[in-house]
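Q: would you be able to build a 3D model of this:
(one chain, ligands or ions: 3)
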Amino acid sequence: MSRRFHVRTFGCQMNEHDSERIAGLLEAEGMSATPDAADADVVVFNTCCIRENADQRLYGQVGALAADKERNPGMKIVVGGCLAQKDGAGLAARAGHVDVVFGTHNLAELPELLARADASGNQVVEITDETAVSPSALPSRRESRHAAWVTISVGCDNSCTFCIVPSVRGPEVSRRSGDIVREVEMLVADGVVEVTLLGQNVNSYGRDLDGRRPLFAELLRAVDAVDGIRRVRFTSPHPKDLRPETIEAMADCASVCEQLHLPLQAGSDRVLAAMHRGYNAERFLARLEAARSAIPDLTVSTDIIVGFPGETEDDFAATLEVVEAAQFDSAFTFVYSPRPGTAAAGMDDPTSPEEKQERYKRLTDLQDSISWRSNLDRVGTREEVLVEGPSKRDPSRLSGRTRGGRLVHADDDGTITPGSFVHVDVTSAAPHYLLADVAGD
Ligand code: SAH
Ligand code: SF4
Ligand code: F3S
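A: Ligands and ions are numbered 1, 2, ... in the order given. Modelled structure (predicted):
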């Protein structure tokens, strides 16, 4: 019987996509996927280290597998991704039952590293600072038949003082737009109708290729022109680099969805400066307004960090004010977590964890009510939904997303297949999803 593998993914969409490549590589080696880590021969953890609890969860889960490995001594445990890049040999030393540790630049070498561990029985650690083989050239086992991630750049050239990503993913490297468009064409030929373009900062796409031209806007137009593509999304744009050309391209291109993820991080200008974000609250709100007025029905999400070092009650009040003014449709909210080696980790931080939790609660209460109001505004409207499959909370319903990216649960007569488009009438709204009836057309 062929060896079975199981991949467990932590972190952002880049990691989800990398995991598809890990699965593709292992299948190309003749292995097959299993949903259960305990009976897998090869367990791969694709890790994240953006916040400290991500580190802790990973070490907990890897540790929990030690007992399974004792029962099945042939099991190989592999750790890749951002935490592997950060902790490297330290991770191997801390978790002695791990067989292979590989960094973010070493994905293509996974089969070879695994073979080395198989042959020697020793731990194999491979962490480099540069990518030899572009991961986009690797085979990929897509999770979805109709939606796909497409990498447009890897790494990040910014220096947000809280963020560990540049140190674990390296400087920004863009793919050639011709290669990206060709990949989208191949995906469409394979039945894909929705692509999400991925980069840490998609707005600076191509700066390493041609510093002056608004290449991201050009790329959006080129992807939109691919015959058969119905929906184009992208994440994440950095507010400081959101150019008018990009907003124009979003407005002009029929397939580019009315959705924008625009990470605010904080509302206080003093904190934004300490974060090195390159904009102030006024500029952020102006860009948001420009996008909203050019793109009718734009759905906007954001990221916000509470409790950055030195954040005062007044600073936090400024965040609440901007959140109130911006009226984000949804937000990912985080309590600041110091990351070793980042500039912010060395800053004075007198605010107590309890105070930060209390601020976090005030922020999420406010945003939840705004999110709910935003969803309530959709009640009575008709939306196009791309069907993902049966609803997880109620299998008698189907789930899908609107062009704005809102989650919809709708009644299902069993005839509607994943990957199809249906129109629905929204009947009611919760803070994080909509309920709807499939419209009669
Ligand atoms: N490249 C993306 C962000 C990737 S990290 C971008 O710039 O939009 C995703 C989010 O995690 C960030 O937007 C930020 O809100 C949060 N984050 C990053 N580092 C953090 C830290 N040290 N503590 C808490 N949240 C953090
Ligand atoms: Fe991190 Fe800032 Fe780069 Fe995003 S733009 S990955 S937050 S350094
Ligand atoms: Fe985490 Fe790495 Fe993404 S640190 S958020 S998996 S780039």
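Q: the residue of the stretch 101-250 of the chain found nearest ligand 1 and V379, how far apart?
A: Nearest residue of the stretch 101-250 of the chain to ligand 1 (CB to the nearest ligand atom) works out as S236 at 3.4 Å. Placement of C-beta: from N, CA and C, glycine included. Here S236 is placed at a distance of 29 Å from V379 (CB to CB, to the nearest Å).
Q: which of the two has more neighbours?
A: Of the pair S236 and V379, S236 is the one with more neighbours under other CB atoms under 10 Å, namely 20 against 14.
Q: ok, that one - contacts?
A: 199-202, 261, 263, 303 (CB atoms under 8 Å, 6 or more residues apart in numbering).
Q: need those residues in JSON lines (columns: secondary structure).
A: As requested, the contacts of S236 are exported to JSON lines (DSSP: H, G, I helix; E, B strand; the rest coil):
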{"residue": "G199", "secondary structure": "coil"}
{"residue": "Q200", "secondary structure": "coil"}
{"residue": "N201", "secondary structure": "coil"}
{"residue": "V202", "secondary structure": "helix"}
{"residue": "H261", "secondary structure": "strand"}
{"residue": "P263", "secondary structure": "coil"}
{"residue": "D303", "secondary structure": "strand"}
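Q: filter these down to the ones near ligand 1?
A: By CB under 6 Å from any ligand atom, the members of the contacts of S236 lying near ligand 1 are 200-201, 263, 303.
Q: among the contacts of S236, which ones are buried?
A: Buried members of these, scored by 16 or more other CB atoms under 10 Å, are 199-202, 261, 263.
Q: which residues does the nearest residue to T34 once chain neighbours are set aside form beta bridges with?
A: Residue nearest to T34 in three dimensions, not counting chain neighbours: R4, with 4.2 Å by CB to CB, 6 or more residues apart in numbering. With DSSP bridges as the criterion, R4 is bridged to S32.
Q: R4 touches E29, doesn't it?
A: No. With contact defined as CB atoms under 8 Å, R4 does not reach E29; the gap is 11.9 Å.
Q: before we move on, the earlier item: number of nearby residues for the residue nearest to T34?
A: R4, neighbours per other CB under 10 Å, totals 17.
Q: so who does it touch?
A: Residues near R4 by CB under 8 Å, 6+ apart: 31-34, 39-42.
Q: also L435?
A: Residues near L435 by CB under 8 Å, 6+ apart: 408-410, 426-429.
Q: again with A439
A: 382, 422-425.
Q: with secondary structure added, can I get those residues in JSON lines?
A: Shown next, in JSON lines, are the contacts of A439 (three-state DSSP):
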{"residue": "R382", "secondary structure": "strand"}
{"residue": "V422", "secondary structure": "strand"}
{"residue": "H423", "secondary structure": "strand"}
{"residue": "V424", "secondary structure": "strand"}
{"residue": "D425", "secondary structure": "strand"}
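Q: contact residues of the stretch 151-300 of the chain facing ligand 1?
A: For the stretch 151-300 of the chain, the residues in contact with ligand 1 (CB under 6 Å from any ligand atom) are 162-163, 165, 200-201, 236, 238, 263, 265.
Q: elements contacting the lengthiest helix in the chain?
A: Longest helix in the chain, counting residues (DSSP state H): helix 353-376. Using 3 or more CB pairs under 8 Å, 6 or more residues apart in numbering; DSSP states H and E as the contact criterion, the neighbours of helix 353-376 among helices and strands are strand 299-306, helix 313-326, strand 330-335, strand 421-429.
Q: contact partners of the first one?
A: Spelled out, it's strand 299-306. Defining contact as CB under 8 Å, 6+ apart, one finds that strand 299-306 is touched by 162, 236, 258-266, 275, 288, 291-292, 316, 319, 323, 326, 328-336, 356, 359-360, 363, 367, 402, 404-406.
Q: same check, this time on the second one
A: With contact meaning CB under 8 Å, 6+ apart, helix 313-326 is reached by 264, 266-271, 281, 284-285, 288, 300, 302, 304, 306, 331, 359, 362-363, 366-367, 370.
Q: that helix: which residues count as buried?
A: 315-316, 318-319, 322-323, 326.
Q: for E126, state which of those is nearest.
A: T319 (41.4 Å; CB to CB).
Q: stretch 409-420: end-to-end distance?
A: 15 Å (CA to CA, to the nearest Å).
Q: report the buried residues of it.
A: 409-410, 412, 416, 418-419.
Q: so what's the gap between it and the chain middle?
A: Taking CA atoms, centre = their mean, to the nearest Å, one finds the center of stretch 409-420 at 26 Å from the center of the full chain.
Q: before we move on, what about stretch 341-355?
A: In this view, stretch 341-355 has its centroid 25 Å away from the chain centroid, taken as CA atoms, centre = their mean.
Q: that older thread, which among the contacts of L435 end up buried?
A: Buried members of the contacts of L435, scored by 16+ other CB under 10 Å, are 408-410, 426, 429.
Q: farthest-separated two in these?
A: Using CB to CB, those span at most 13.0 Å, a distance reached by A410 and A429.
Q: okay, helices next: where are they in the stretch 151-300 of the chain?
A: Using DSSP state H, counting those that start in this stretch, the helices found in the stretch 151-300 of the chain span residues 165-169, 177-189, 215-224, 244-252, 269-274, 281-294.
Q: near ligand 2, anything from the shortest one?
A: Yes. Using CB under 6 Å from any ligand atom, helix 165-169 reaches ligand 2 at 165-166.
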